[in-house]
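**Student:** need coordinates for the below:
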Amino acid sequence: MSTKTVKRMSSRILKVGESRLYLDPGYTQDILKAVTKDDIRALIKKGAIKAIRKKGISRRKGRMRAEKKRKGRASGYGKRKGRASARKSKKIDWINRIRAQRSLLKKLKDEGRLLKGYREIYNKIKGGEFRDKSYMMSYLKEHDYTK
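**Tutor:** Below is the predicted model of the structure:
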């Protein structure tokens, strides 16, 4: 039987494409003598006909890139798409800012460095009057709220 027919039959048996078959040149005579599917199965068992493994795509570069990103690299302006609010939500930013200001205010009160108006300053924080902690501190010093 021709090698073409053998390839067709063995590809059906091994469930791979004909291009992924390897016919061992040492068994050429046996391969040409094969007539039935049982003959071909025997050749497969013998190792005369094999299915070549798929190549696949290497993940090496992807893993290396992920490692760099874990270290904080590859995150410059050229890699960014979307606004800053798309990368980190405005709400989370707000929450962090408010928590920092409130904790500082509480610390000042507990240490006794706040002279007056705890609730007033608290409400100003809530209203978003201060950009950050340093602005809040400068406001407190200007208006004689702290020692």
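**Student:** and the residue nearest to Lys46 when sequence neighbours are not counted, what does it touch?
**Tutor:** Leaving aside its chain neighbours, Lys46 sits nearest to Tyr27 (7.2 Å; criterion: CB to CB, 6 or more residues apart in numbering). Quick note: C-beta positions are derived from backbone N, CA and C, even for glycine. Going by CB atoms under 8 Å, 6 or more residues apart in numbering, Tyr27 touches 43, 46, 48.
**Student:** please indicate which of these are buried?
**Tutor:** In the contacts of Tyr27, burial by neighbour count holds for 43, 48, counting by 16 or more other CB atoms under 10 Å.
**Student:** would a markdown table of the contacts of Tyr27 with distance to Met137, secondary structure and pLDDT be doable?
**Tutor:** Formatted as a markdown table, the contacts of Tyr27 follow (distance: CB to CB, whole Å; DSSP: H, G, I helix; E, B strand; the rest coil; pLDDT from 0 to 100):
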| residue | distance to Met137 | secondary structure | pLDDT |
| --- | --- | --- | --- |
| Leu43 | 85 | helix | 94 |
| Lys46 | 84 | helix | 93 |
| Ala48 | 84 | coil | 94 |
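**Student:** re the thing from before, isn't there a helix covering the residue nearest to Lys46?
**Tutor:** Yes. Tyr27 sits within a helix when classified using DSSP: H, G, I helix; E, B strand; the rest coil.
**Student:** buried ones in the worst-scoring helix or strand of the chain on mean pLDDT?
**Tutor:** Of all helical and strand segments in the chain, the minimum by mean pLDDT, DSSP states H and E falls on helix 84-87, at a mean of 90. The neighbour-count check on helix 84-87 (16+ other CB under 10 Å) flags nothing as buried.
**Student:** can you start the count at 4 instead of 1 from here on
**Tutor:** I'll keep to 4 as the first residue from here, and by that count the last item is helix 87-90.
**Student:** mean confidence for the following helix or strand past that helix?
**Tutor:** Where DSSP states H and E defines the elements, the next helix or strand beyond helix 87-90 is helix 93-114. Mean pLDDT, helix 93-114: 96.
**Student:** please apply the same query to stretch 58-68.
**Tutor:** Mean pLDDT, stretch 58-68: 94.
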